[in-house]
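Peer 1: Structure here, sequence nowhere to be found:
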Ligand SMILES: [Zn+2]
């Protein structure tokens with residue numbers, strides 16, 4: 001896979017340029033691999049081991065992953081306001097797996113149908129459609145904000161929070177809009193929790209339709225958003241006893257004043 005060349009290691013993957021030029025995705029992956037391996041020189045005679053190099057301890061942490069994404073690879077590629085949204089996700093009072101979900105969401109790395117089409121996994125027209133409305137091709141922006149079902153979810157969440165959300169706003173701008181409408185009323189990390197919970201529950205509802213053939217019921221989705229957000233707030237709170245689910249369900253912003 002390579003050889004020492006003066007004071008550095010010369011990698012050789014035995015892949016010809018002709019193969020790469022015929023396959024743009026392989027080309028992209030090869031370029032990313034070369035970038036990752038660019039500064040690495042194997043030690044002859046050493047035993048192979050797995051190490052998460054962005055962390056000084058060699059162990060994976062969510063924080064080091066966030067730093068890697070923000071500093072090393074993304075700053076040139078991701079626009080500034082999307083980076084701000086990624087930062088808000090990092091600060092949100094949600095479990096780590098939801099932060100990772102949020103980053104993948106903003107970076108368009110979830111396996112939505114448009115991504116599967118791009119990778120030649122889906123071909124038939126009917127397979128590309130949104131399962132929640134069957135009226136548009138599925139991508140994350142449509143699924144989470146512009147689909148009629150998603151709009152109804154956000155309208156209901158707005159009623160619950162006693163705010164008016166602009167349902168024409170989508171993507172990372174939607175998070176900024178959500179935070180702006182509620183600015184000064186409760187802490188941002190808790191607002192981000194509600195926003196991320198909503199997007200996550202919509203994504204899971206979509207998955208349940210596809211993989212479990214589950215029905216899509218608006219009231220069930222809203223109840224799930226209220227329940228999951230209450231659980232995550234409870235887990236992250238040092239207050240005991242925590243606010244009752246009934247208080248949270250009825251008047252969330254009022255209830256949060258006591259958390
Ligand atoms: Zn739809």
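Peer 2: Looks like it came in fine. What you see is a predicted model; the values in this text were computed from it and never measured. Residues are numbered from 1 along each chain as shown.

Peer 1: Any idea how far stretch 88-108 is from the middle of the chain?
Peer 2: Taking the mean of its C-alpha atoms, stretch 88-108 sits 5 Å from the chain's own mean (Cα atoms, centre = their mean, to the nearest Å).

Peer 1: buried sites along that stretch?
Peer 2: 88-90, 92-95, 98-99, 101-103, 105-106 (16 or more other Cβ atoms under 10 Å). From N, CA and C alone the C-beta is placed, and that goes for glycine too.

Peer 1: average pLDDT for that stretch?
Peer 2: Mean pLDDT, computed over stretch 88-108, is 89.

Peer 1: Endpoints of that stretch, how far apart?
Peer 2: Start-to-end span of stretch 88-108 (Cα to Cα, to the nearest Å) is 17 Å.

Peer 1: now swap in stretch 41-48 and tell me
Peer 2: 13 Å.

Peer 1: For the protein, what lies in contact range of the ion?
Peer 2: Residues of the chain lying close to the ion (Cβ under 5 Å from the ion) are 130, 132, 133, 147.

Peer 1: would you turn these into a markdown table with neighbour count and pLDDT?
Peer 2: Below are the residues of the chain next to the ion laid out as a markdown table (neighbours: other Cβ atoms under 10 Å; pLDDT from 0 to 100):
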| residue | neighbour count | pLDDT |
| --- | --- | --- |
| 130 | 21 | 96 |
| 132 | 20 | 96 |
| 133 | 17 | 96 |
| 147 | 21 | 97 |
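
Peer 1: Nearest to residue 168 among those residues?
Peer 2: Closest to residue 168 out of the residues of the chain next to the ion is residue 147 (12.8 Å), distances taken as Cβ to Cβ.

Peer 1: Now that closest one, what are its backbone angles?
Peer 2: phi -60, psi 140 (degrees, to the nearest 10).

Peer 1: dump the residue contacts of it.
Peer 2: 130, 132, 133, 136 (Cβ atoms under 8 Å, 6 or more residues apart in numbering).

Peer 1: Just flag the most distant two among those residues.
Peer 2: Pairwise over the contacts of residue 147, using Cβ to Cβ, the maximum falls at 132 and 136, 9.5 Å.

Peer 1: could the buried residues of stretch 88-108 be laid out in a markdown table, adding secondary structure and distance to residue 57?
Peer 2: A markdown table is the format used below for those (DSSP: H, G, I helix; E, B strand; the rest coil; distance: Cβ to Cβ, whole Å):
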| residue | secondary structure | distance to residue 57 |
| --- | --- | --- |
| 88 | helix | 27 |
| 89 | helix | 24 |
| 90 | helix | 19 |
| 92 | coil | 25 |
| 93 | coil | 25 |
| 94 | coil | 24 |
| 95 | coil | 22 |
| 98 | helix | 24 |
| 99 | helix | 20 |
| 101 | helix | 25 |
| 102 | helix | 25 |
| 103 | helix | 22 |
| 105 | helix | 28 |
| 106 | helix | 27 |
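
Peer 1: Okay, now the unreliable bits of the chain?
Peer 2: 1, 6-7, 12-39, 69-78, 237-241, 259 (pLDDT under 70).

Peer 1: In the longest helix belonging to it, which residues are buried?
Peer 2: The longest helix of the chain (DSSP state H) is helix 188-212. For helix 188-212, the buried set under the neighbour-count rule, 16+ other Cβ under 10 Å, comprises 190-203, 205-206.

Peer 1: Residue 236 and the ion: what is the separation?
Peer 2: Using Cβ to the ion, to the nearest Å, residue 236 is found at 32 Å from the ion.
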